[in-house]
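> Quick one, what's the 3D model for this:
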Amino acid sequence: MKKTFVYLSTFLVVLICSFSAQAQYSKGDLLINPGISFGGYYSGYVGSYTGIPGLSANVEYNVTDNIAVGGYLGFASRTYKGPGYKYGWTNIGFGARGIFHATEVLNDAFNGSMNSEKLDIYGGLSLGYETYTYNGDYSTYNYSTGGLILGGILGCRYMFNPAIGVFGEVGRGAFGALTLGVSFKL
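Here you go, the predicted structure:
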């Protein structure tokens, strides 16, 4: 099941990137990227639940034409109900991330012709902190914990015009293995 999800996630990012290739970045550019995450450790439950999926937003500031730094924030929650039980959890994650915009480098390395004005293939790392709070029917099962998160990111962004686009990322996002969203370039 996990391999199938990884293959599907990779396929979706490649599909987003395969559009006929305004992601030309310059020092000082700012991007705001809200998204929704899929494939988190909470996604395999089958049953009656309500909640908020992994919602996240990240900000990227280009310190050079190819390198951006910024932060991210995410939130997710679920409540499960059944005969005689009710429990739920809430996650909050935040941290920093660094991105390398690689489209032009890939074009140079492989004599490619991807349109770097529209298509941005990127990779990066994130370092953050994630909290996990569990609340159940039985007070002995209520707890809160947290920990450091380190993860790699591989993504693709397609800009419809110089200010608005869409993105897909695989890797350790705010709470899932696949994050899809919208990009706003300021």
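> number of nearby residues for S26?
Number of residues near S26 (other CB atoms under 10 Å) recorded here: 8. Using the backbone N, CA and C atoms, a C-beta is placed for each residue, glycine as well.
> which residues sit in contact with the residue nearest to F184 when sequence neighbours are not counted?
Among residues not flanking F184 along the chain, I32 sits closest, at 4.7 Å (CB to CB, 6 or more residues apart in numbering). By CB atoms under 8 Å, 6 or more residues apart in numbering, I32 lies in contact with 57-59, 183-184, 186.
> is it fair to say I32 lies in a strand?
Yes. Secondary structure of I32 (DSSP: H, G, I helix; E, B strand; the rest coil): part of a strand.
> Show me what it is bridged to.
V59, F184 (DSSP bridges).
> How confident is the prediction for L73, by pLDDT?
At L73, the pLDDT value in this model is 93.
> Next one: it relative to K27, how far apart?
L73 sits 24 Å away from K27, going by CB to CB, to the nearest Å.
> Who has more neighbours out of those two?
It is L73, of L73 and K27, that has more neighbours when counted by other CB under 10 Å, with 15 against 12.
> neighbours around the residue nearest to the more buried one when sequence neighbours are not counted, how many?
Spatially, and ignoring its direct neighbours in sequence, L73 is nearest to F94 (4.8 Å; CB to CB, 6+ apart). Residues contacting F94 under the criterion other CB under 10 Å number 16.
> What strand or helix carries G146?
G146 is located in strand 143-159, with elements delineated by DSSP states H and E.
> which helices and strands does that strand pack with?
Packing contacts for strand 143-159, counted by 3 or more CB pairs under 8 Å, 6 or more residues apart in numbering; DSSP states H and E, involve helix 2-17, strand 85-101, strand 119-136, strand 164-171, strand 178-185.
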